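A.B. asks: Provided below are the primary sequence and the corresponding predicted coordinates.
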Amino acid sequence: MFWRMTKKIELQVLLKEIINKYIVNYLDSYHIDISNNSYDDNLMGQEGNEIFLPNLDEAVNEIIGNRIFTLTYALDGSSRSFISSKGIVSLASVVVSSSLNPIIGVYPPISGFPDLNLNKPFIALATSGSQGPLIPFFYNSEYVTTFSIDGSFFTSTESPEEIETEIRTILETEALKKIAEANAIILLDGPLIPPLIFLKSKVRNEILKIRLNILKNNVIGVVKRLDKSKLLISAISKLKSKFVNRYKIDPKKYFNDESFIIDLIKFNFSPPYKPISIGPILRQIDNISVYVNYLVYPLHPYVPKFSILRIESLYNDPRILDHLVSLKFTNDGIPITLAFADRTAKEISAAMLKIIMATLESLGLQASFYSKLEQVGV
């Protein structure tokens, strides 16, 4: 097995030890300026290089559902930050679940749960002042880091999202290493190759290099939020006249994929609704070919309400969608294995933030308004 239950440790005890030994003293350790952490906005364009592959008569299809693997893994991470006048404490968690076992492993290690044994920091510290050149080295441990992957020190000039994205993505990638060779479909919550738009170019490139080296054909990205995506609209618009003649709907009249897909289904299918696939679309991301399909999962056979998921993979195989449809889904239209990993990871990060906030505030360190919103889940 990829993990073991060797560390019998209470999360609250571990966090309080980290707070007392690392966080409080490090946030107080101001001295001289040591680095220039300039932010590089490397937004990745989501549209422009996509190709809509199928004949239009075969672009929108009903899916029967057929399981091609006995086992399905799901992996998701969560991250949050405590922000004060003295700096930022960012934290992350990651969970692996499966179709046979709700929790395969978690990180950070928690007593009573299988440990993923990632041996990577899940807490990052960024001060609001500068430190002497050696001070950050004294506050690194198995669980805590003061460094970015590019070797620079974290500072509060970086956004909480930037720090969170880095430590969370590293944990997710390390967890993926543990299961990448398994004879199973592996579902990732989010894009197969994440854009990492908050990160500096050097950091992003280093993380993606590691991610790309471990991606296999059995790893599937599941994107749940499509209200800002225009990938499908952009791809189909290149075939606008033919598409309008075939499906009686103009993609250019819509501002996002989600609204377009809902009307596409309403205008071309009648109850009882069945799962529908749209695609594939071929994209080039970091010189990697990624195949994109849209899965439209009806929440009720006779009511026009749908869950719409963007499914990303390294190879074009319609059996992937057959496999997904064969799985159990939540009432919100998410594969239940993925939903469990998502919920558990969020619960762990929320619990850690609550403990850290309560402890630091009891020591006189006041939380920012942002941190208080994080704690209540706003």
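C.D. replies: Cool, the structure landed. Numbers count the residues shown, from 1 in each chain.
A.B. asks: for the rest of this, base every contact and every neighbour count on C-alpha atoms.
C.D. replies: Fine.
A.B. asks: is the residue lying farthest from the centre of the chain in a helix, a strand, or coil?
C.D. replies: Computed with C-alpha atoms, centre = their mean, the residue of the chain farthest from its C-alpha average is N245, at 37.6 Å. Assigned by DSSP: H, G, I helix; E, B strand; the rest coil, the conformation of N245 is helix.
A.B. asks: can you give me the distance of it to D57?
C.D. replies: Distance of N245 to D57, given as C-alpha to C-alpha, to the nearest Å: 11 Å.
A.B. asks: and V89, by the same measure?
C.D. replies: Counting by C-alpha to C-alpha, the gap from V89 to D57 is 53 Å.
A.B. asks: quick one: which of those two has more around it?
C.D. replies: Taking other C-alpha atoms under 10 Å, V89 and D57 do not tie; V89 has more neighbours (27 against 10).
A.B. asks: mind listing the residues bridging to that one?
C.D. replies: F82, L125 (DSSP bridges).
A.B. asks: right, and it touches V144 too?
C.D. replies: No. Judged on C-alpha atoms under 8 Å, V89 makes no contact with V144 at a distance of 9.9 Å.
A.B. asks: any shared contact partners between these two?
C.D. replies: Shared contacts of V89 and V144 (C-alpha atoms under 8 Å, 6 or more residues apart in numbering): 123-125.
A.B. asks: save these as CSV, and put in distance to G221, pLDDT and neighbour count too.
C.D. replies: Compiled in CSV, the shared contacts of V89 and V144 are given as follows (distance: C-alpha to C-alpha, whole Å; pLDDT from 0 to 100; neighbours: other C-alpha atoms under 10 Å):
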residue, distance to G221, pLDDT, neighbour count
I123, 26, 97, 28
A124, 26, 95, 24
L125, 30, 93, 27
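A.B. asks: would you list the strands that the helix or strand where R310 lies pairs with, along with their directions?
C.D. replies: For R310, the enclosing helix or strand under DSSP states H and E is strand 306-313. If you go by DSSP bridges, strand 306-313 pairs up with strand 219-223 (antiparallel), strand 288-298 (antiparallel).
A.B. asks: show me the one of those strands that comes nearest S201.
C.D. replies: Nearest to S201 among the strands paired with strand 306-313 is strand 288-298 (17.7 Å), distances taken as C-alpha to C-alpha.
A.B. asks: kindly provide the distance from the nearest residue to L215 once chain neighbours are set aside to I249.
C.D. replies: Closest residue to L215 apart from its sequence neighbours, by C-alpha to C-alpha, 6 or more residues apart in numbering: A180 at 7.2 Å. Distance, A180 to I249, by C-alpha to C-alpha: 40 Å.
A.B. asks: next one: V219
C.D. replies: Distance from V219 to I249, counting by C-alpha to C-alpha: 33 Å.
A.B. asks: the two: who's more crowded?
C.D. replies: More crowded of V219 and I249, by other C-alpha under 10 Å: V219, with 24 against 18.
A.B. asks: doesn't L187 make contact with the more buried one?
C.D. replies: Yes. Taking contacts as C-alpha under 8 Å, V219 lies within contact range of L187: 6.2 Å.
A.B. asks: tell me the mean pLDDT for stretch 149-160?
C.D. replies: In this model, stretch 149-160 carries a mean pLDDT of 88.
A.B. asks: okay, buried residues for it please.
C.D. replies: 149, 153-160 (16 or more other C-alpha atoms under 10 Å).
A.B. asks: distance from the chain centre to the strand holding R310, please.
C.D. replies: Here strand 306-313 shows a centroid-to-chain-centroid distance of 14 Å under the convention C-alpha atoms, centre = their mean, to the nearest Å.
A.B. asks: need the next SSE after it, C-terminal direction.
C.D. replies: Counting by DSSP H and E, what follows strand 306-313 is helix 319-326.
A.B. asks: great, nothing more from me.
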